[in-house]
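In: I would like to see how this sequence folds:
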Amino acid sequence: MSTPQIRPDAAIYRRYLSAVLLHGHAGAKECGLGGTDLYALNILELAGPMTPGELGARTGLTTGPTTRLIDRLEQAGYVRRVPSPDDRRKVIVELVGKPAGLDEVLAPARRKIGEILQGYSPEQREVLFDYFARAAAAYEEAAAELRR
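Out: Residues are numbered from 1 along each chain as shown. Alright, predicted model coming up:
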């Protein structure tokens, strides 16, 4: 049985995704967090307050680990649980802070990526950001299909 060959462009893309994940984990560790903790904070920052169930679905965690995640983030002062305005039986998790130093930890990579993006024309950047938006939706949809 032979080893399947990976197309060079696919390998480049996989290397890119791995580098993004590696940087996220390194940044989280530098701030005293786990990778999933930082990921959950990012989800809350981007999407806004949500139920623990929604946060669990978006992080890929089951109920127990989601509760422990929220407990850790709440104890660290990054999130709080508040009653749902629509249904007092539910709680909503909302972002109330972020790790001290996070922006400083992420600044070098943000600066380097910004410099790379500045090397593209406005039209090329438009294509890149169109791709980012469409690829994010495709990955989110594929993840939802895997969870079913």
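In: Could you use CA atoms for every contact and neighbour count after this?
Out: Fine.
In: I figured residue 90 hits residue 54, correct?
Out: No - contact criterion Cα atoms under 8 Å: residue 90 and residue 54 do not qualify, at 11.9 Å.
In: so residue 133 is in which element?
Out: For residue 133, the host element (DSSP states H and E) is helix 122-147.
In: Check residue 109 too.
Out: Taking DSSP H and E as the criterion, residue 109 maps to helix 102-118.
In: tell me the angle that helix makes with helix 122-147.
Out: Helix 102-118 and helix 122-147 are oriented at 120 degrees to each other (axes from the mean of the first three to the mean of the last three Cα atoms, to 10 degrees).
In: Look up the closest residue to residue 77, ignoring the ones flanking it.
Out: residue 97 (6.6 Å; Cα to Cα, 6 or more residues apart in numbering).
In: which residues sit in contact with the one you found?
Out: Counting by Cα atoms under 8 Å, 6 or more residues apart in numbering, residue 97 makes contact with 77-79.
In: likewise residue 114?
Out: Residues in contact with residue 114 (Cα under 8 Å, 6+ apart): none are found.
In: In terms of residue numbering, what are the domains of this protein?
Out: With domains defined by automatic domain parsing, the chain comprises 33-99, 100-148.
In: Below-threshold pLDDT in this protein: ranges please.
Out: 1-4, 6 (pLDDT under 70).
In: Contacts for stretch 33-42, please.
Out: 24-25, 28-29, 55, 59, 69, 73, 78, 95, 98.
In: most neighbours, which of these?
Out: Counting by other Cα atoms under 10 Å, residue 55 has the largest number of neighbours within those, with 25 neighbours.
In: Pull the residues that contact the host helix or strand of it.
Out: Counting by DSSP H and E, the element that carries residue 55 is helix 52-59. Contact with helix 52-59 is made by 36, 39-40, 43-44, 62-63, 66-67, 70, 91-93, as judged by Cα under 8 Å, 6+ apart.
In: I'm done for today, thanks for sticking with me.
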